[in-house]
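A.B. asks: No sequence on hand, only this structure:
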């Protein structure tokens, strides 16, 4: 008993591990506290969530939203855990706030890593890549060094393959690199789109018996109520969409399901191990049915506004991302152009240095040619002088011949010496003239080369000047009739079948199959492989188990 004026302190732990503290009145209902928690954490889609508590008998139960908290057997001090109670039918349509998307991502990822949701190896690789994208953003080499396989793939998966941790991480990173600048909320949504196609996603299982006392499993999820064989949680044997359920009730350990109005079928009876489970089954049936019907009706004005606000916020993020991509592309282009300009500048510098060396060589060669030309001119002048002396000697010789005597003989001898000298000088001069002509041609060529080198050097200087740097024991609930039930999920396609990386994933799956350790394959794995080989996925199975009318399927259930 709580006095009316006294407030009760309660603690609520969120999925992120944070503690929220509230003071509630004794008249406060479970729904009111739930809405207060949702408001505190800015969560619009509070209808998917609930509050778990431990009662005085140490049972973990859901806080009933329609009852006063003070009337429920909550252990003192009051501590609640904010948790996901219902799953969306389609995450792309039902989840719109970042908070809800993030909470579902955390819950689903935890259940996959702990093996509560069966996930085959190829899907694990894809999901791990999206997780990295959501956590770290675009790929960075530094990220890979810090990765551990236990944080990415369930242990019950890795132990089935002769695959090193390094190889697992390599395959995951190869996909991660291809996501580019995908936003965090996009990566989280892609993760959930793949996860929701897993057979055990969003299913709450209960041990039951049918009227024949056969041990079976009851599975409740957003799409309907299914019956499973005890050893197979992947593929249900019989299914009923929520639109076929008109009333749920229990009495003691017996749970009753009455078909919707218009059906001539009898009630369906389930035997549950403990009456406390009946209460939880009733709540889950009622809540899932309400959400199933709600999704087939127009959204309320408030929800429409929330979805529009979320859509606009997401659109702003996308536009900002696209702007960043555009700016990054421009920057990368400028960097490439700058790098190319730096390379051209370096080439120009090297070319300039080569031209300078060439000009120095040309200058040296030009100087040598000038010296050779001066030497040749000196030899020519010497030749002219000797020729003149020869002419003078000839004149003197003619005069001496007329007078005869020793003087003539001396002059004749001198003439022969001069002629020999002139001949030697003339021969040498002839060779020098030939060399001189060649050197003059070389000099002219060098002058042309020098002019071209200087022209290119000027071009380099002009280009270089342009280069710059850029930087109770019984209870009954009547369920409202579902109108306009389109049974849309029976023809749904899995997200992976529409993923751009499906071929790459298929290749990874093939590689993994080659290193599978056969004796470590579990029964669940074998069931999954059977379904995969037969080409059946979650939605093919859903359509198959709903064939026939409701009465026929209830008869099958009772005779299992």
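C.D. replies: Sure, I can see it. All figures in this text were calculated on a predicted structure; none of them were measured in a lab. Residues are numbered from 1 along each chain as shown.
A.B. asks: any idea how far residue 176 lies from residue 121?
C.D. replies: Residue 176 is 16 Å from residue 121, where distance means C-beta to C-beta, to the nearest Å. C-betas here are computed from N, CA, C, even on glycine.
A.B. asks: More neighbours: these two, which one.
C.D. replies: residue 176 (25 against 21; other C-beta atoms under 10 Å).
A.B. asks: give me every residue that touches the more buried one.
C.D. replies: 129, 132-133, 139 (C-beta atoms under 8 Å, 6 or more residues apart in numbering).
A.B. asks: Excluding covalently adjacent residues, which one is nearest to it?
C.D. replies: residue 129 (4.3 Å; C-beta to C-beta, 6 or more residues apart in numbering).
A.B. asks: Can you give the distance of the strand or helix carrying that neighbour from its chain's centre?
C.D. replies: Residue 129 is part of helix 121-136, with elements assigned from DSSP states H and E. The chain centroid and the centroid of helix 121-136 are separated by 8 Å under C-alpha atoms, centre = their mean, to the nearest Å.
A.B. asks: now do stretch 16-32
C.D. replies: 39 Å.
A.B. asks: Please tell me how far the residue lying closest to residue 10 once chain neighbours are set aside sits from residue 30.
C.D. replies: Leaving aside its chain neighbours, residue 10 sits nearest to residue 78 (4.2 Å; criterion: C-beta to C-beta, 6+ apart). Remark: distance between residue 78 and residue 30 (C-beta to C-beta) = 12 Å.
A.B. asks: for residue 319, same thing?
C.D. replies: The gap separating residue 319 from residue 30 is 41 Å, by C-beta to C-beta.
A.B. asks: Between the contacts of residue 176, which sits nearest residue 496?
C.D. replies: residue 129 (12.5 Å; C-beta to C-beta).
A.B. asks: tally of neighbours for that closest one?
C.D. replies: Neighbour tally, residue 129, other C-beta under 10 Å: 26.
A.B. asks: I'd assumed residue 170 was in contact with it.
C.D. replies: No - taking C-beta atoms under 8 Å as the definition, residue 129 is not a contact partner of residue 170, at 11.6 Å.
A.B. asks: Return the residues in contact with the residue nearest to residue 202 when sequence neighbours are not counted.
C.D. replies: Distance criterion C-beta to C-beta, 6+ apart; nearest residue to residue 202, sequence neighbours excluded, is residue 87 at 3.2 Å. Going by C-beta under 8 Å, 6+ apart, residue 87 touches 48, 104, 196, 201-202, 221-222.
A.B. asks: Determine the three-state secondary structure at residue 87.
C.D. replies: coil (DSSP: H, G, I helix; E, B strand; the rest coil).
A.B. asks: which residue ranges form the strands in the stretch 401-550 of the chain?
C.D. replies: All strands of the stretch 401-550 of the chain, identified by DSSP state E, counting those that start in this stretch, fall at 474-478.
A.B. asks: Low-confidence stretches in it?
C.D. replies: Applying pLDDT under 70 to the stretch 401-550 of the chain picks out residues 401-408, 411, 426, 428-436, 439-440, 442-443, 446-447, 449-472, 483-488.
A.B. asks: Doesn't residue 250 lie inside a strand?
C.D. replies: Yes - under three-state DSSP, residue 250 sits within a strand.
A.B. asks: Chain neighbours aside, what residue packs nearest to it?
C.D. replies: Leaving aside its sequence neighbours, residue 250 is closest to residue 278 (3.7 Å, by C-beta to C-beta, 6+ apart).
A.B. asks: What does the pLDDT read for that neighbour?
C.D. replies: Model confidence at residue 278, given as pLDDT, is 92.
A.B. asks: Now for it: which residues touch it?
C.D. replies: The contact partners of residue 278, taken as C-beta under 8 Å, 6+ apart, are 250, 252-255, 272, 475.
A.B. asks: What's the ChimeraX line that selects buried ones from those?
C.D. replies: Of the contacts of residue 278, the buried ones can be selected in ChimeraX as follows, counting by 16 or more other C-beta atoms under 10 Å:
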select :250,253,255,272
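A.B. asks: any chance of the contacts of residue 278 in TSV, with distance to residue 242 too?
C.D. replies: Shown next, in TSV, are the contacts of residue 278 (distance: C-beta to C-beta, whole Å):
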residue	distance to residue 242
250	18
252	25
253	24
254	21
255	16
272	20
475	19
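A.B. asks: Give the pairing partners of whichever strand or helix holds residue 219; include direction for each.
C.D. replies: Using DSSP H and E, the element containing residue 219 is strand 215-220. Partner strands for strand 215-220, per DSSP bridges, with pairing direction: strand 204-209 (antiparallel), strand 224-229 (antiparallel).
A.B. asks: for the record, mean pLDDT for the first one?
C.D. replies: The predicted model gives strand 204-209 an average pLDDT of 95.
A.B. asks: Run the chain-centre distance for it.
C.D. replies: For strand 204-209, the distance to the chain centre is 39 Å (C-alpha atoms, centre = their mean).
A.B. asks: Identify the residues contacting that strand?
C.D. replies: Contact with strand 204-209 is made by 215-221, 228, 233, 255, 270-273, 277, 280-281, 284, as judged by C-beta under 8 Å, 6+ apart.
A.B. asks: Buried ones from these, can you make that a ChimeraX selection?
C.D. replies: Only the buried entries of these go into this ChimeraX selection, using 16+ other C-beta under 10 Å:
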select :216,217,218,219,220,221,228,233,255,270,271,272,277,280,281,284
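A.B. asks: residue contacts, the residue nearest to residue 10?
C.D. replies: Neighbours of residue 78 in contact, by C-beta under 8 Å, 6+ apart: 8-11, 53, 69.
A.B. asks: Let's verify the residue lying closest to residue 91 once chain neighbours are set aside: helix, strand, or coil?
C.D. replies: Nearest non-adjacent residue to residue 91, counting by C-beta to C-beta, 6+ apart: residue 192, 4.3 Å away. Secondary structure, three-state DSSP: residue 192 is helix.
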